[in-house]
Structures are given as structure tokens and as C-alpha cells.
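Chemist: Provide a 3D model corresponding to the input given below.
(one chain, ligands or ions: 1)
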Amino acid sequence: MSAGRKGALHRSSPYVTKMDSISADLMNEEERLLKSMRADPLEFREAMTRFAAAVSVVTTDGASGRRGVTVSSACSVSDDPATLLVCLNLSSADNAWFEENGVFAVNVMSARDEAIARGFAGEGKLPQPERFSRGSWSTGATGAPMLDTALASFDCRLIDAKVIATHTVLIGEVVGLRTGAAAPSLVYLERGFHTLDIGR
Ligand SMILES: Cc1cc2nc3c(=O)[nH]c(=O)nc-3n(C[C@H](O)[C@H](O)[C@H](O)COP(=O)(O)O)c2cc1C
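Modeler: Got it, this is the predicted structure:
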């Protein structure tokens, strides 16, 4: 039997048509149910303002170019092998450079460097070279920029990237790191930058 003839038989069968419509109804119902269980995005954002987060500047360099972005999403995944993740918004097209370069560094910010963090968060809308000119930088083994005054810097090779909703989750294996002098930390809480000083 030719493919066309088989298709015609399939479409004309009332049994198959009814099954198709029942399964489509079930799928719609499942989608409706899942959507009704989702948290409201604005409520989620509001709740996240209570989440005190360390501020980092994640940087990259390579064929696509040098870029830095202030983030609160950087966190540790594993210590063996040492692995970090960071989530970058898809709304900034240039965030694709991180994946294209295949390397990134996470620079954990001290309160002293708040102006640098504000610059890399887009304050003043400075071009990237000017954002970098506010700090003193070295180059990690991967080629990613490491901030000399960071509380800690992690030089990473990208090992995986996955798009989840509005963000790309970048997973990096740490190939080099530097721990700076202990100093008050820069944190973000209730929509503002704050100093966390444990009084050493
Ligand atoms: C405290 C703080 C944390 C942020 N965390 C993230 C983050 O985890 N991921 C992200 O993509 N953007 C984050 N942003 C936003 C980016 O820093 C900002 O959108 C971006 O740097 C704007 O840069 P552009 O002017 O180059 O587009 C954060 C901003 C601030 C102030």
C-alpha cells in the first residue's frame, strides 16, 4: 500500500479521530493543570528580594570578545572536581559570548569594589572596555579576566550549558583559582547592595 493511501485510511477512521481528540484534550488539561500550579513571576521576584546573595562579576574573553556581567546567580555545584554554575539572561545577546568563548571566570566581589559591580550591572550604560577600566585585571589560564582585588576568583572551562526558561545555565569546571585577602563582602538584598562585615 502506498504511503498516501495509508494516510487517507488513517484520516478517515472515526476511531482514530476520536482517540486523537481525547488525547489532545488530555494534553490541554495537563498543560492547564501545570500552569495553574506555577508560581506567579512577580510574587516569585518579590520573595527573592529576601534572598541575600553574594555578588560576583562573571567575565569571559576569547574569539567572541571580552565581557563582564554582575551576577547573583553564581554558586558552587561540586568540590571534586571543583565545579561552579552561573545563570545568564538570554535577553542580552552578548551573553552568548560566554558559551562561544567556552571559558569564564567568577570574581567574588568585596564591598570595596561596589562601583565595579555597579558598572558591570549596566549602571551608567558604559561600554564594556570602560567597565573593565575601573578595576585591575589579570588573565587566567583559560584567558578569562580575573579581578586582582576580588575576594576569590575562579577560572573555569565551560563543560555544559543548558537553557532553562529565560536563562542559560553555564556549568564550569574550575581549572584555576585565587583566594584574596579576607575583607567585607558585597551582598545584594531587598533590591540593594550591602556590605557584609563579620568584624575581623
Ligand atoms: C545584584 C545583581 C545581580 C544580577 N544577577 C544576574 C544574574 O545572575 N544573571 C544575569 O544574567 N544578570 C544578572 N544581573 C543583571 C546584569 O548584571 C545586567 O542585566 C547586565 O549586566 C546589563 O548589562 P548590559 O548593559 O551589558 O546589558 C544582575 C544585576 C544585579 C544588580
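Chemist: my guess is residue 94 meets residue 67, correct?
Modeler: Yes - with contact defined as C-beta atoms under 8 Å, residue 94 reaches residue 67; the gap is 5.8 Å. For every residue, glycine as well, the C-beta is placed using N, CA and C.
Chemist: Please compare these two by neighbour count and tell me which comes out ahead.
Modeler: Neighbour tally, residue 94 and residue 67, criterion other C-beta atoms under 10 Å: the higher count belongs to residue 67, 24 against 14.
Chemist: Give me the phi and psi for that one.
Modeler: Residue 67 adopts backbone torsions of phi -150, psi 150, taken as degrees, to the nearest 10.
Chemist: pLDDT score assigned to it?
Modeler: Confidence at residue 67, expressed as pLDDT, is 98.
Chemist: beta partners for it?
Modeler: In this entry, residue 67 is beta-bridged to residue 60, by DSSP bridges.
Chemist: Tell me who's in contact with it.
Modeler: 59-61, 94-95, 97-98, 128 (C-beta atoms under 8 Å, 6 or more residues apart in numbering).
Chemist: separation between it and residue 76?
Modeler: For residue 67, the distance to residue 76 (C-beta to C-beta, to the nearest Å) stands at 23 Å.
Chemist: The contacts of residue 67 also near the ligand: which ones?
Modeler: Near the ligand, judged by C-beta under 6 Å from any ligand atom, there are no entries from the contacts of residue 67.
Chemist: after the longest helix seen in the chain, next one along is what?
Modeler: Identified as the longest helix of the chain according to DSSP state H is helix 14-36. For helix 14-36, the following helix or strand on the C-terminal side (DSSP states H and E) is helix 41-48.
Chemist: residues of that following helix that come out buried?
Modeler: For helix 41-48, the neighbour count (16 or more other C-beta atoms under 10 Å) marks no residue as buried.
Chemist: which strand residues sit across from residue 137 in the sheet?
Modeler: residue 147.
Chemist: pLDDT weak spots in this protein?
Modeler: Where the chain drops to pLDDT under 70, the residues are 1-16.
Chemist: Would you check which pair of the contacts of residue 67 lies furthest apart?
Modeler: Largest separation among those by C-beta to C-beta: 61 and 95, giving 14.2 Å.
Chemist: Between the two, tell me which one has more neighbours.
Modeler: residue 61 (22 against 19).
Chemist: The nearest residue to the more buried one once chain neighbours are set aside: neighbouring residues, count only.
Modeler: Distance criterion C-beta to C-beta, 6 or more residues apart in numbering; nearest residue to residue 61, sequence neighbours excluded, is residue 143 at 5.0 Å. Residue 143: 17 surrounding residues under other C-beta under 10 Å.
Chemist: Let the chain start at 20 from now.
Modeler: Taking 20 as the first residue, the last one we looked at is residue 162.
Chemist: Residue 162: what secondary structure?
Modeler: On the three-state scheme (DSSP: H, G, I helix; E, B strand; the rest coil), residue 162 is labelled coil.
Chemist: any idea how far it lies from the ligand?
Modeler: 20 Å (C-beta to the nearest ligand atom, to the nearest Å).
Chemist: tell me the phi and psi of that residue?
Modeler: phi 100, psi -10.
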